[in-house]
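Asks: Kindly generate the corresponding structure for this input.
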Amino acid sequence: MPTSNPHLVMPPDFTYKRFHQAREQIIANSGDHDTATNQLALIWTLNNDLEKQDWDHQVWQQQLAAAECKRQEEEEWERQQQQLAATKCERQEEEEWERQQVEKEREREAALQEERKKYQHKHAPIPQDTVISSDPIIIPSPITVHKLHKGNFVELYYFTNKGLHNAELSMHLANDKALALLQMRDGLHSFIPLMAAQAKGTIIR
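Replies: Below is the predicted model:
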């Protein structure tokens, strides 16, 4: 393989002294100095043409290798760009999902705050150490509650102990299907008809 471009090499002058021995060998066979010079030039040209062919083939192979390397680099760059685009798209989708979740949570929190303001009694905190009384809750008579709902005047008597006691008696008498909570012999509690409970005298109040 030639190491330099043979297309750029100029043929030497075979009339120079350094080619004298080569001319003498040709002259010894046949011819003169001019003929020997022409034959030397022809031989050089033939060798130079062979070197040119080798050089052109070498350049062609180098060009093919460079083109293949460039193609691979372009494919790798395109693959990386696609991967970056896919990663960016996936990251954008995740960010959009997180944003939607945050927005939904904000909306739920706002709705809960609004509900808490609207129904404060429903969301009132219950202390952990609260003791639930086992005594029954005595409320005024139905007629008294009805007057309160309508905004009518109600005498204070109906909210005194005596008035509430009378309301409790009237409720029990008016509702013969009422149930009472009794403590059984085994310590458990059970609901039985009020009339039967009054006969036993063991109503839990």
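
Asks: who does the longest helix belonging to the chain touch, helix- and strand-wise?
Replies: Secondary structure of the chain read by DSSP state H shows that its longest helix is helix 33-118. Helix 33-118 sits against helix 20-29, with contacts defined as 3 or more CB pairs under 8 Å, 6 or more residues apart in numbering; DSSP states H and E. In this view, the C-beta of every residue, glycine as well, is placed from N, C-alpha and C.

Asks: how far does the helix it packs on sit from the chain's center?
Replies: 88 Å (CA atoms, centre = their mean, to the nearest Å).

Asks: mind exporting that helix as PDB, just the C-alpha atoms?
Replies: C-alpha atoms of helix 20-29 as PDB (Å, rounded to 0.1, in the frame of the first residue of the first chain):
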ATOM      1  CA  HIS A  20      22.900   5.700 -15.600                       C
ATOM      2  CA  GLN A  21      23.300   2.000 -14.500                       C
ATOM      3  CA  ALA A  22      19.700   1.300 -15.400                       C
ATOM      4  CA  ARG A  23      20.200   2.800 -18.800                       C
ATOM      5  CA  GLU A  24      23.400   0.900 -19.400                       C
ATOM      6  CA  GLN A  25      21.600  -2.500 -18.700                       C
ATOM      7  CA  ILE A  26      18.900  -1.600 -21.200                       C
ATOM      8  CA  ILE A  27      21.500  -0.400 -23.800                       C
ATOM      9  CA  ALA A  28      23.500  -3.700 -23.300                       C
ATOM     10  CA  ASN A  29      20.400  -5.600 -24.500                       C
END
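
Asks: Which positions within stretch 143-163 qualify as buried?
Replies: Thr144, Lys147, Val154, Tyr158, Gly163 (16 or more other CB atoms under 10 Å).
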